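Engineer: Got a predicted model here, sequence first, then my questions.
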Amino acid sequence: MHPHPTRSLGQLTDTPAIVFGPRLDILEWNPLAARLLRDFASVPEAERNYARMVFTDLVMREIYSEWEDVARRAARS
């Protein structure tokens, strides 16, 4: 991975940030994103796909009060 996303994420201390790959794979995240959404480091790397997690991860499902809308958008991506 190119060093710029990691360096930029380290500077974002007051906003959650995630770097996605073209198929919504979760490539990088900052500590605030991990606290607000999910500790992505605890998810096996092969399963770190945002769309997949929205539909299969109970923690992700509980986070969103408007889960149906989030799931609809994830399915379209």
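Structural biologist: Looks like it arrived, so ask away.
Engineer: tell me what the helix or strand encompassing Val59 is packed against?
Structural biologist: Assigned by DSSP states H and E, Val59 belongs to helix 58-63. Counting contacts by 3 or more CB pairs under 8 Å, 6 or more residues apart in numbering; DSSP states H and E, helix 58-63 packs against helix 50-56. Glycine gets a C-beta too; all of them are placed from N, C-alpha and C.
Engineer: Buried ones in the helix or strand following the helix holding Val59, by neighbour count?
Structural biologist: Next along the chain after helix 58-63, taking DSSP H and E as the criterion, comes helix 67-76. Under the neighbour-count criterion of 16 or more other CB atoms under 10 Å, helix 67-76 has 70-71, 74 buried.
Engineer: Just list what helix 67-76 packs against, helices and strands only.
Structural biologist: Packing partners of helix 67-76 (3+ CB pairs under 8 Å, 6+ apart): helix 50-56.
Engineer: neighbouring contacts of the helix it packs on?
Structural biologist: Surrounding helix 50-56, the residues in contact under the criterion CB atoms under 8 Å, 6 or more residues apart in numbering are 18, 20, 24-26, 38, 43, 47, 60-61, 64, 67, 70-71, 74-75, 77.
Engineer: hmm, 6 Å instead?
Structural biologist: For helix 50-56, the external contacting residues (CB atoms under 6 Å, 6 or more residues apart in numbering) are 24, 26, 60, 70-71, 74.
Engineer: Spell out which strands sit alongside the strand or helix carrying Val19 in the sheet and which way each one runs.
Structural biologist: In this assignment (DSSP H and E), Val19 forms part of strand 18-20. With DSSP bridges as the test, strand 18-20 is paired with strand 26-29 (antiparallel).
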